[in-house]
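[1] model the following, please.
(2 chains)
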There are 2 protein chains.
Amino acid sequence: MQAEIITIGDEILIGQIVDTNSAFIAKELNKIGISVFQITSVQDDKKHILKSLKEAQDNVDIIIVTGGLGPTKDDITKHTIAEYFSDTLVQNKDVLKNIETLWEKYIKQPLSQINKDQALIPSKSKPLMNRFGSAPGMWIEQQNKTFISLPGVPFEMKALMQNEVLPRLKDKYELPFILHKTLLTYGLGESMLAAKIETWEDNLPDYIKLAYLPNLGKVRLRLSAKGFDEEKIRKEVEKQISIVIPLIQDIYVGFEDEETSIELKIGKQLTQLGKTLSVAESCTGGMIAERITANAGASAYFKGGIVSYATQTKINVLGVSKEFIKKHSVVSTQVAEAMVKGAQKIFDTDFAIAVTGNAGPIKGDSNADVGTVYIAIATSNKVYSKEYHLGNHRLKVVNKAANKAFEMLQKEISKN
Amino acid sequence: MQAEIITIGDEILIGQIVDTNSAFIAKELNKIGISVFQITSVQDDKKHILKSLKEAQDNVDIIIVTGGLGPTKDDITKHTIAEYFSDTLVQNKDVLKNIETLWEKYIKQPLSQINKDQALIPSKSKPLMNRFGSAPGMWIEQQNKTFISLPGVPFEMKALMQNEVLPRLKDKYELPFILHKTLLTYGLGESMLAAKIETWEDNLPDYIKLAYLPNLGKVRLRLSAKGFDEEKIRKEVEKQISIVIPLIQDIYVGFEDEETSIELKIGKQLTQLGKTLSVAESCTGGMIAERITANAGASAYFKGGIVSYATQTKINVLGVSKEFIKKHSVVSTQVAEAMVKGAQKIFDTDFAIAVTGNAGPIKGDSNADVGTVYIAIATSNKVYSKEYHLGNHRLKVVNKAANKAFEMLQKEISKN
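    Got it, this is the predicted structure:
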């Protein structure tokens, strides 16, 4: 069973946005056993969309189209799909009702004609109800092929994929099992790694594919397998992994788990333990708090944070004394530890994180080199900190500092 | 002059990575007057790559291929390109020298055969020297079409585009001028915005295209024009912008160049005025602080923030009384205003933002419906707040709340 993803929108073709929808859809399809043959991005142009639909229909079984479903004149996907199927647009009562409900609840203004027209769908299509927006998804079957049209707004598309599209595809098709396992290695180049595991690679069974994904000192090794015998595939991939790991022991650091972020892991652990967390952030500027609270269950363990961006805030809010900062410099292990104690006390939590550093591009209130970051962790019985040098790219420094802080915290929590 | 971008790699088709290369290439091509007709992502599969090259050759003048140039067995692009042109691979002395230099400098190990083989290129191609890696870019011309093959590693691809590909394309072709101008608006839905500017839109000259890009309370309006008379295009687009801005004055915040966001605009205004800002965030969880501090110059005006995620934190840290919260509910206009006063006082700032609300997915410490958010703004002489209903999708509520907060603040700052 093969799919093609067609993303529609001039904004993609002029590079104004990065198309993240395709990767999401491809990953979700893979999970249920559908391979993606091709991803095609095309302009908001009728002729071009029609041509792409035809080509996709010739190549694959399932065609998923995103984008171009908005209410304005530049959105032409719906009319083009109707034309493709020699169909006409008809008003769908359920879709109209959904739009009316959304408007009543959130917009509180009368529906205009172009809002009502969002309820027009090709007569041959089944609507897929969009709880988050006025553009419905559409499902059309023709000659054993399934066409699915989804809005391009990522969170609307994601909800429709998960609630409507994937369950229907699983119902309709008998799908194989696809397994991807990715091993992370650090410190050896792609070609040397390949030389190291050549014999193993040459002896892999036909149905297991190996890929090398190099990126700045890190190489990911991905094993991909597909078939109807899930147990056999799992066993064989496990076996091959158990053979290769000893060959790369010195550079292998673990599996890449796509779904799990370290902050989610921390959240689960804290919830289970009934422990709480607070943060004091300087150069990370709220990113750590934001990543924690992006998890819907965070209120169970996260009490709050202080973004002490100005030195004055470290004094006034976190209670670090002026003299202490003067003596040790605001970017120092001592100030990081004083900040973390302040946060732990103010928020009355079991654990606390504090970060102080210089993310650049220029030196700030201290003489520390750009990229110097101190991270402190407080637990119920100790406070400690570490010094890091995280490069000279602001965004990289901030992101790496947040990752390091989570890594340090997670190690402490795991001791419980 | 039209181009197609073909990105090669199973990692794209299984959703393991997001293809960011295409957006970069598309944007750079647009800047020198080349439109992108289509972006196609295909697997590391010879037959499929050959088919895509053929289709691209039929549709466009310039074909840019990225990926599949590594030294390992899963990398087949180079051999496939040689086959496409009925060509053979020959060793290129300059490329070999470049690889030897890189190895001497960074790897400090003898070259293996597969490293040396990176210097093999189709005999019909000109190499494009890769200063950052062993895979060269390749340039092949045939029947008035230009084929360019680049490595998939983003920073190698970017350097090759900028140093080798773009200058050669500008040399070879007489290119038109492409102009994109994007206006940022906050606070009005796509369909209502469209109704507001309908007459203007209908009277745009043929060669100016308008697009609406809605996203979480923000709508970007993009004008795109293309032609050989740069001066005429610039003048006409400026003229059209000067007509539309008065029509959308209350929701227009500025142009989007790649660097501009509402928080950057706020930053510039505050810096000019010498005024300061602090925040108190509940449901936005640090996102507002993080977006402010993502700007390198934020230390000039941002003193800090409090993420008062737990009700207890609103009491202990922000000084909102327990009785007051009990009386009004933690999600209320009164508590938002008390929070903003707390932040303004604690951080001693000219302006402050506070947000309290329920982002869902379930009701929290208050009975407020999911999506209910109160945003308060404090200035030097007043405090006020607004109630919003931002839908029932957690990510959407949080992002919209942050956008709304910036929108309210920006209006207040602009009065100075």
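[2] residues in contact with the lowest-mean-pLDDT helix or strand in chain A?
    Ranked by mean pLDDT, DSSP states H and E, the weakest helix or strand in chain A is strand A:252-255, scoring a mean of 77. Here strand A:252-255 makes contact (C-beta atoms under 8 Å, 6 or more residues apart in numbering or on different chains) with A:Lys181, A:Thr182, A:Leu183, A:Leu184, A:Thr185, A:Tyr186, A:Ile245. (Glycine included, C-beta is placed from N, CA and C.)
[3] from those, which are also near chain B?
    A:Thr182 (C-beta under 8 Å from any C-beta of the partner chain).
[4] low-confidence regions, chain A specifically.
    For chain A, the stretches with pLDDT under 70 are A:216-217, A:257-261, A:364, A:392.
[5] export the least confident helix or strand of chain A to CSV, keeping only CA atoms.
    Output of strand A:252-255 as CSV, limited to C-alpha atoms (Å, rounded to 0.1, in the frame of the first residue of the first chain):
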residue,chain,number,x,y,z
TYR,A,252,26.9,3.9,20.2
VAL,A,253,24.9,6.0,22.7
GLY,A,254,21.4,4.6,22.4
PHE,A,255,18.2,4.4,20.3
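[6] that one: what's the following helix or strand?
    Where DSSP states H and E defines the elements, the next helix or strand beyond strand A:252-255 is helix A:262-273.
[7] now for that following helix, which elements pack on it?
    Identification of packing neighbours for helix A:262-273 by 3 or more C-beta pairs under 8 Å, 6 or more residues apart in numbering or on different chains; DSSP states H and E yields helix A:287-293, helix A:394-414.
[8] quick one: contacts of that helix?
    Outside helix A:262-273, the residues within contact range by C-beta under 8 Å, 6+ apart are A:276-277, A:291-292, A:294-295, A:297-298, A:300-301, A:351, A:403, A:406-407, A:409-410, A:413-414, A:416.
[9] and for stretch A:108-115?
    A:Pro71, A:Thr72, A:Ile99, A:Glu100, A:Trp103, A:Ser134, B:Ser191, B:Met192, B:Ala194, B:Ala195.
[10] quick one: which of these is nearest B:Lys326?
    Nearest to B:Lys326 out of these is A:Trp103 (C-beta to C-beta; 34.6 Å).
[11] and the closest one, how many neighbours does it have?
    A:Trp103 is flanked by 18 other residues according to other C-beta atoms under 10 Å in any protein chain shown.
[12] how much space separates it from A:Gln109?
    For A:Trp103, the distance to A:Gln109 equals 7 Å [C-beta to C-beta, to the nearest Å].
[13] how about A:Gln249?
    Here A:Gln249 is placed at a distance of 64 Å from A:Gln109 (C-beta to C-beta).
[14] do A:Asp94 as well
    22 Å.
[15] A:Leu223 against A:Ser242, yeah?
    No - counting by C-beta atoms under 8 Å, A:Ser242 is not a contact partner of A:Leu223; they are 11.9 Å apart.
[16] where does the stretch 101-250 of chain A come near chain B, residue by residue?
    Near chain B, when you scan the stretch 101-250 of chain A using C-beta under 8 Å from any C-beta, you find A:105-107, A:109, A:112, A:114-115, A:131-132, A:134, A:153, A:155, A:159, A:180, A:182, A:189-192, A:194-195, A:201, A:209-215, A:222, A:224.
[17] cross those residues against helices and list the overlap.
    Members of those lying in helices (criterion: DSSP state H): A:Ile114, A:Asn115, A:Phe155, A:Ala159, A:Glu190, A:Ser191, A:Met192, A:Ala194, A:Ala195, A:Glu201.
[18] any idea how many residues pack against the third one?
    Just to be clear, that refers to A:Phe155. Close neighbours of A:Phe155, defined as other C-beta under 10 Å, add up to 18.
[19] picking up where we left off before, TSV for the helices and strands packed on helix A:262-273, including distance to A:Pro361 and mean neighbour count?
    Converted to TSV, those look like this (distance: least, C-beta to C-beta, whole Å; neighbours: other C-beta atoms under 10 Å in any protein chain shown):
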stretch	distance to A:Pro361	mean neighbour count
helix A:287-293	17	28
helix A:394-414	6	19
